[in-house]
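Engineer: After the sequence you'll find the predicted model.
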Amino acid sequence: MADSHGSPTLQDLQDAIKKRASEDAAFRAELVADPRRALDRATGRAVPPGVNIQVEEGPANEVGVTLTPKSSGELSDEELSGVSAGQTQDESVIILWLNQTFSFLGG
């Protein structure tokens with residue numbers, strides 16, 4: 001579900017990754033083996049170094065995906081321009097990437 005500004009949320013991104021993994025066996029295998037590389041390739045954009053990616057295998061070709069910000073300190077001017085009201089600086093790193101890549105995952 002998009003936020004109040006119509007932008008995808010972190011949960012939307014995690015759901016899109018899970019959906020793609022359930023529909024694409026090759027993506028799922030790469031996601032489990034090397035999550036950062038799988039997302040880099042799927043979106044055509046590098047996952048920011050400030051993003052932790054955790055992937056857990058589940059039953060019936062399901063995966064659990066959790067994206068969390070690393071505490072990164074200061075943001076660039078470009079990153080700051082992508083921050084929506086109510087987000088922490090750490091969350092903004094993920095949200096900026098999310099807004100740039102969500103459509104590549106079928107969201």
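Structural biologist: Nice, I can see it.
Engineer: which parts of the helix or strand that contains Phe27 are buried?
Structural biologist: Per DSSP states H and E: Phe27 is located in helix 25-33. Buried residues in helix 25-33, counted by 16 or more other CB atoms under 10 Å: 27-28, 30-31. C-beta: built from backbone N, CA, C; applies to glycine.
Engineer: which of the residues you listed sit farthest apart?
Structural biologist: Arg28 and Glu30 (7.4 Å; CB to CB).
Engineer: And the helices in the chain?
Structural biologist: Along the chain, counting by DSSP state H, helices occupy 10-23, 25-33, 35-43, 77-81, 89-101.
Engineer: Least reliable of those helices by average pLDDT, please.
Structural biologist: Note on these: lowest mean pLDDT is at helix 77-81, with a mean of 52.
Engineer: about what we covered before: closest one of the buried residues of helix 25-33 to Ala21?
Structural biologist: For the buried residues of helix 25-33, the nearest to Ala21 is Arg28 (4.1 Å; CB to CB).
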